[in-house]
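Student: Below: sequence and its predicted model.
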Amino acid sequence: EKFDSLEEHLEKFVENIRQLGIIVSDFQPSSQTGLNQKLNFMVTGLQDIDKCRQQLHDISVPLEVFEYIDQGRNPQLYTKECLERALAKNEQVKGKIDTMKKFKSLLIQELTKVFPEDMAKYKAIRGEDPPP
């Protein structure tokens, strides 16, 4: 709901800029009054947008979102792609953890074969039962 006011002000501002562009592109001396009025609306619009800033001071937007917008892409894709990257990274890290657990298990087995007394002490210190 705190975004609604900002969105409304931005839409008005964009519409004023569009109308200003039309006036400027086909400027006639008789349209000077309309031009001045639109310029005043722009100044007022910027002031209204600036007032919304106080309500949104705690919001931070990653720069990548603006890059998506600049490229004409939907900014909601940024969130989707971030989640997909996080899931992929999670799977990758999970695979590494599983591999390290298997390595540890195999290492303990092999060390137990070569150094049975030392490994029994190690397992006792760790609170693990020695293998039967």
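Tutor: Received it, and whenever you're ready, just let me know what you need.
Student: Domains in the protein, by residue range?
Tutor: Here the domain parsing of the chain from the TED database is 1-59, 64-131.
Student: Export the ones you listed to JSON lines and append columns for mean pLDDT and mean neighbour count.
Tutor: Using the backbone N, CA and C atoms, a C-beta is placed for each residue, glycine as well. Formatted as JSON lines, the domains of the chain follow (pLDDT from 0 to 100; neighbours: other Cβ atoms under 10 Å):
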{"stretch": "domain 1-59", "mean pLDDT": "89", "mean neighbour count": "12"}
{"stretch": "domain 64-131", "mean pLDDT": "91", "mean neighbour count": "11"}
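Student: so which helix or strand takes in the residue in the chain sticking out farthest from the centre?
Tutor: What lies farthest from the middle of the chain is E117; by Cα atoms, centre = their mean that is 53.3 Å. Assigned by DSSP states H and E, E117 belongs to helix 116-126.
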